[in-house]
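Colleague: below are the sequence and a predicted model for it; my questions follow.
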Amino acid sequence: MHTFEKQTESIVKALFSDLLNEEESVYRCLEKDSGESEQSAGEAPSNFDPVVIASRLRSMGDQCNMDFENTSQVVAEVLKGKIEKFGAAVDSLSRSWSNQNPELCYERAFLTVSVKLAMCVAKKVPAMVRHIQLVELINGNSRVRSYIEACGGWVSMQSLL
């Protein structure tokens, strides 16, 4: 079984591959190869599929109707390639969006906004997508990590997203 951190890394790799229109089958082969070596003897195969989870996250991002172009200076800077401000932009937008929509918890807003903003970066400055520290952003946010783990981890999130 992969650790939470490794699962997040696999999901983000799959998401970035999707955003950059890379060949999904190549990613799946790499994931399968690396996954077999990490599985312990006698351990049941996992139904963890980073490509499915990345696809569901992307669907969440597609449903986000925020207009990032006119939200704030920090978002404008991210969309111009200042990727080091990505985390601050995601946190600010997530708080704002969840405050405006009480039915939307911060953690779900965070996941949606981070993916949507990554999608916008992929369109505006595709060369910078791989520089987004999305893995660290998700793994480092204790609220988001606790939310995912409370739902049963990434595997369970496949059906909740």
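Modeller: Yep, that arrived.
Colleague: gap between residue 140 and residue 87?
Modeller: 8 Å (C-beta to C-beta, to the nearest Å). Where C-beta positions appear, they are placed from N, C-alpha and C, glycine not excepted.
Colleague: just want to know which of these two has more residues nearby.
Modeller: residue 87 (18 against 11; other C-beta atoms under 10 Å).
Colleague: wait, doesn't the more buried one sit right on residue 133?
Modeller: Yes - using C-beta atoms under 8 Å, residue 87 makes contact with residue 133 at a distance of 6.7 Å.
Colleague: just the buried positions in stretch 5-20, please.
Modeller: Going by neighbour count (16 or more other C-beta atoms under 10 Å), the buried part of stretch 5-20 is 6-19.
Colleague: from the chain's centroid, how far away is that stretch?
Modeller: Remark: stretch 5-20 is offset 7 Å from the chain centroid, using C-alpha atoms, centre = their mean, to the nearest Å.
Colleague: what is the rounded mean pLDDT of that stretch?
Modeller: Stretch 5-20 comes out with an average pLDDT of 94.
Colleague: what do you get for stretch 47-54?
Modeller: On average, stretch 47-54 scores 91.
Colleague: CA atoms only for it, dumped as PDB, please.
Modeller: Only the C-alpha atoms of stretch 47-54 are listed here, as PDB (Å, rounded to 0.1, in the frame of the first residue of the first chain):
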ATOM      1  CA  ASN A  47      -7.800  -0.500  -6.000                       C
ATOM      2  CA  PHE A  48      -6.000   2.900  -5.900                       C
ATOM      3  CA  ASP A  49      -6.000   4.300  -9.400                       C
ATOM      4  CA  PRO A  50      -4.300   7.700  -9.600                       C
ATOM      5  CA  VAL A  51      -5.600   8.300 -13.200                       C
ATOM      6  CA  VAL A  52      -9.200   7.900 -12.000                       C
ATOM      7  CA  ILE A  53      -8.700  10.200  -9.000                       C
ATOM      8  CA  ALA A  54      -6.900  12.800 -11.200                       C
END
